[in-house]
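K.L.:
Need coordinates for the below:
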Amino acid sequence: MMDAREALKKQSAERALRYVEEGTVVGVGTGSTVKYFIEGLADFRDRIEGAVSSSEQSTALLKQIGIPVLDLNATGTLPLYVDGADECDPHRRLIKGGGAALTREKIIAACSQRFVCVIDGAKQVDILGGFPLPVEVIPMARSYVARQLVALGGQPVWRDGVTTDNGNAILDVHNLRIVDPVALEKAINQIVGVVTVGLFAARAADVVIVDGKERG
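P.N.:
Residues are numbered from 1 along each chain as shown. Reported below is the predicted structural model:
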């Protein structure tokens, strides 16, 4: 039997399905709530052209239910991207990357007209930073980037044993209280060797669905 938290995740995913338009390509993220969204897409398999996936994990799930997985380079702008988050502030700005798919997630979000974020209530925060901020880095630059992150006030920890789908490393930055997410996103992205940072602030979510209810 599904526990209460999983039931709320499923409710959020089902509400996100309302934004799926017939005849379109859907951007699909990664994570436990998104898994329910992918399961729900099975009912749309004959009504949508396909999906663009942010991770190998989601790609496998989409293929299992018979939905074509398309190359973003061939689709152009997407009408919809649905994904989860590790934290969400009152302005719909997010921390993402707990599943190490942040770069592909950020690319798809940038290419989408509407970004719908599905989370459970525990992910809502007043100020971002309680969840360690993931930063994807080129492996040879890991130590250099870590020193620059220390200079910005963080405590980076290498996520040892984890390699992203892009072949890179992850640094998780602890002890940050992110009062200006847009400025910090820009600053970290400018560090040489950084692929991207898991702050989704310059391009925040358009709609947040929390425990099955839209926050707008």
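K.L.:
Would you check that residue 164 makes contact with residue 100?
P.N.:
Yes: if you go by CB atoms under 8 Å, residue 164 and residue 100 touch, sitting 5.0 Å apart. The C-beta positions use only the backbone N, C-alpha and C, and glycine is treated the same way.
K.L.:
Which neighbours do those two have in common?
P.N.:
Counting by CB atoms under 8 Å, 6 or more residues apart in numbering, the shared contacts of residue 164 and residue 100 are 136, 170.
K.L.:
Can you give me the pLDDT of the residue lying closest to residue 148 once chain neighbours are set aside?
P.N.:
Excluding the flanking residues, the one nearest residue 148 by CB to CB, 6 or more residues apart in numbering is residue 191, at 4.8 Å. According to the prediction, residue 191 has pLDDT 98.
K.L.:
Neighbours of residue 191, how many?
P.N.:
The tally of other residues near residue 191 (other CB atoms under 10 Å) stands at 19.
K.L.:
measure it to residue 18 for me?
P.N.:
Taking CB to CB, to the nearest Å as the measure, residue 191 falls 39 Å from residue 18.
K.L.:
for the residue nearest to residue 61 when sequence neighbours are not counted, what are its contacts?
P.N.:
Leaving aside its sequence neighbours, residue 61 sits nearest to residue 38 (CB to CB, 6+ apart; 4.8 Å). Counting by CB under 8 Å, 6+ apart, residue 38 makes contact with 28, 58, 61, 62, 65.
K.L.:
Need the CA coordinates for the helix or strand containing residue 38. CSV is fine.
P.N.:
Using DSSP states H and E, residue 38 maps to helix 32-41. C-alpha atoms of helix 32-41 as CSV (Å, rounded to 0.1, in the frame of the first residue of the first chain):
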residue,chain,number,x,y,z
SER,A,32,10.6,10.2,-7.5
THR,A,33,7.6,12.5,-8.2
VAL,A,34,8.5,12.7,-11.9
LYS,A,35,8.4,8.9,-12.0
TYR,A,36,4.6,9.1,-11.3
PHE,A,37,4.3,11.8,-14.0
ILE,A,38,6.0,9.4,-16.5
GLU,A,39,3.6,6.6,-15.5
GLY,A,40,0.7,9.0,-16.1
LEU,A,41,2.0,9.8,-19.6
